[in-house]
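**Student:** how would this look folded up:
(one chain, ligands or ions: 1)
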Amino acid sequence: MSDDILSRVGAVIESRKGADPGTSYVAKLFDKGLDSILKKIGEEATETVMAAKDGDPQKLVYEVADLWFHSMVALAHFGLKPEDVLAELARREGLSGLAEIAARKKD
Ligand SMILES: N=c1c2ncn([C@@H]3O[C@H](COP(=O)(O)OP(=O)(O)OP(=O)(O)O)[C@@H](O)[C@H]3O)c2ncn1[C@@H]1O[C@H](COP(=O)(O)O)[C@@H](O)[C@H]1O
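**Tutor:** Here you go, the predicted model:
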C-alpha cells in the first residue's frame, strides 16, 4: 500500500462536487457546507483523542481514518488535494526540529 490510496480517495471526493446529496455522503457534506465539514473534523478529532486515551489501537486507526477522510473533504472544499499535504510533509523531511520548520514556513 502507498499514498496512491490518498490520491484515489481524493479523486472520488472531488468527483462528488455537485453530485446528488441523496446518494453520496461526500456530496451531502459539500451540500451542507464548510461549517458541517469542520464540525465533523472536530468530532473525529475528539474521537481520535478518546481512542488514544482508551489505549485502543484498533479504534485509534479507525478514528484517524475518519479524521483524515474528513480533512480531505475540507481540503477539497478549498480546491486542495492530499498531494498538497504530502508535498508539505516531503518538504519537511530532513529538516531538524520545529524551529527550522517554522522558519521555513515564514519564507
Ligand atoms: N472514507 C470514507 C468515509 N469514512 C467515513 N465515512 C462516513 O463518515 C461518516 C462518519 O460519521 P460517524 O462515524 O461520526 O457516524 P455518524 O454519526 O453516522 O455520522 P453522521 O452521518 O451523523 O455524520 C459515516 O457516515 C461514514 O460512512 C466515509 N464516507 C466515505 N468515504 C470515502 O468516500 C468515498 C465516497 O463516498 P460517497 O460520497 O458516500 O459515495 C467512499 O467510496 C470512501 O472511499
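
**Student:** Close to the ligand: what parts of the chain are there?
**Tutor:** Val9, Val12, Arg16, Ser24, Tyr25, Val26, Ala27, Glu43, Asp66, Phe69 (C-beta under 6 Å from any ligand atom). Placement of C-beta: from N, CA and C, glycine included.

**Student:** Of those, which pair is most distant in space?
**Tutor:** Largest separation among the residues of the chain next to the ligand by C-beta to C-beta: Val12 and Glu43, giving 21.5 Å.

**Student:** what helix or strand does the residue nearest the centre of the chain sit in?
**Tutor:** Centroid-nearest residue in the chain: Ser71, 2.5 Å away (criterion: C-alpha atoms, centre = their mean). If you go by DSSP states H and E, Ser71 is part of helix 57-77.

**Student:** do the same with Thr48
**Tutor:** Going by DSSP H and E, Thr48 is in helix 34-54.

**Student:** Ok, Gly79 next?
**Tutor:** Using DSSP H and E, Gly79 falls outside every helix and strand.

**Student:** what's the helix holding Ser71 packed up against?
**Tutor:** Judged by 3 or more C-beta pairs under 8 Å, 6 or more residues apart in numbering; DSSP states H and E, the packing partners of helix 57-77 are helix 4-15, helix 25-32, helix 34-54, helix 82-92.

**Student:** Quick check: which ranges of the chain have low pLDDT?
**Tutor:** 1-3, 98-101, 103-107 (pLDDT under 70).

**Student:** by how many degrees do the helix holding Thr48 and helix 57-77 diverge?
**Tutor:** On the basis of axes from the mean of the first three to the mean of the last three C-alpha atoms, to 10 degrees, helix 34-54 is oriented at 160 degrees to helix 57-77.

**Student:** Export helix 34-54 to PDB, keeping only CA atoms.
**Tutor:** Taking C-alpha atoms only, helix 34-54 is exported to PDB below (Å, rounded to 0.1, in the frame of the first residue of the first chain):
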ATOM      1  CA  LEU A  34     -17.900  24.300   5.200                       C
ATOM      2  CA  ASP A  35     -19.300  24.600   8.800                       C
ATOM      3  CA  SER A  36     -20.700  21.000   8.600                       C
ATOM      4  CA  ILE A  37     -17.400  19.700   7.300                       C
ATOM      5  CA  LEU A  38     -15.400  21.400  10.000                       C
ATOM      6  CA  LYS A  39     -17.900  20.200  12.700                       C
ATOM      7  CA  LYS A  40     -17.200  16.600  11.500                       C
ATOM      8  CA  ILE A  41     -13.400  17.200  11.800                       C
ATOM      9  CA  GLY A  42     -13.900  18.500  15.300                       C
ATOM     10  CA  GLU A  43     -15.900  15.400  16.200                       C
ATOM     11  CA  GLU A  44     -13.500  13.000  14.600                       C
ATOM     12  CA  ALA A  45     -10.500  14.700  16.300                       C
ATOM     13  CA  THR A  46     -12.200  14.300  19.700                       C
ATOM     14  CA  GLU A  47     -13.000  10.600  19.000                       C
ATOM     15  CA  THR A  48      -9.300  10.100  18.000                       C
ATOM     16  CA  VAL A  49      -8.200  11.600  21.300                       C
ATOM     17  CA  MET A  50     -10.600   9.300  23.200                       C
ATOM     18  CA  ALA A  51      -9.500   6.200  21.400                       C
ATOM     19  CA  ALA A  52      -5.900   7.000  22.200                       C
ATOM     20  CA  LYS A  53      -6.700   7.700  25.900                       C
ATOM     21  CA  ASP A  54      -8.600   4.400  26.000                       C
END
